[in-house]
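In: have a look at this fold, sequence not included:
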């Protein structure tokens, strides 16, 4: 299995299941929470209906709560960062989908894209 599981996962209380487990230190716990966040986001993507989507989004929120707790920041701080970024760059209400774009190499904004090759692998 090799993944972070919920504190009361059924496998932990089933007497017919032998579980090898350990308690994670802070750094490994944070790393595993980030992996769990990706796992839960993938499950949102795969959800087949509104109820499944809500349940999976709740799982995402649980991981966010856990990350906030271990990193010692509040949901209010996350919300403030969200509001600030939205004010600067907008939200997603307009439903804009970028199919493609191009820019001249002399454009000063190209540095933004070149600085994050993992996020923008198509920029060379």
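Out: Received it, and whenever you're ready, just let me know what you need. Predicted model only: the values in this text are computed from it and were never measured.
In: does residue 19 really touch residue 10, like I thought?
Out: No - taking contacts as CB atoms under 8 Å, residue 19 lies outside contact range of residue 10: 10.8 Å. Placement of C-beta: from N, CA and C, glycine included.
In: ramachandran angles for residue 4?
Out: Here is the backbone geometry of residue 4 (degrees, to the nearest 10): phi -70, psi 130.
In: could you check how far the closest residue to it other than its chain neighbours is from residue 81?
Out: Excluding its sequence neighbours, the residue lying closest to residue 4 (CB to CB, 6 or more residues apart in numbering) is residue 32, at 4.2 Å. Applying CB to CB, to the nearest Å, the value for residue 32 to residue 81 is 23 Å.
In: these two - which one has more neighbours?
Out: residue 32 (17 against 11; other CB atoms under 10 Å).
In: pLDDT wise, what is that one at?
Out: pLDDT, residue 32: 98.
In: look up which helix or strand it falls in, please.
Out: Assigned by DSSP states H and E, residue 32 falls within helix 26-46.
In: quick one: buried residues of that helix?
Out: The neighbour-count check on helix 26-46 (16 or more other CB atoms under 10 Å) flags 32-33, 36-37, 40, 43 as buried.
In: show me the shaky parts of the protein.
Out: Along the chain, segments meeting pLDDT under 70 span 124.
In: and the helices in it?
Out: Counting by DSSP state H, the segments of the chain that form helices are 10-13, 26-46, 50-71, 75-89, 110-114.
In: for residue 121, find the nearest of those helices.
Out: Among the helices of the chain, the nearest to residue 121 by CB to CB is helix 110-114 (10.3 Å).
In: what does the closest one contact?
Out: 103, 120, 123 (CB atoms under 8 Å, 6 or more residues apart in numbering).
In: run a quick neighbour tally on the nearest residue to the first one once chain neighbours are set aside.
Out: To tie it back to what came earlier, the one meant is residue 103. Leaving out its chain neighbours, the residue that sits closest to residue 103 by CB to CB, 6+ apart is residue 110, at 5.9 Å. Residues within reach of residue 110, counting by other CB under 10 Å, total 13.
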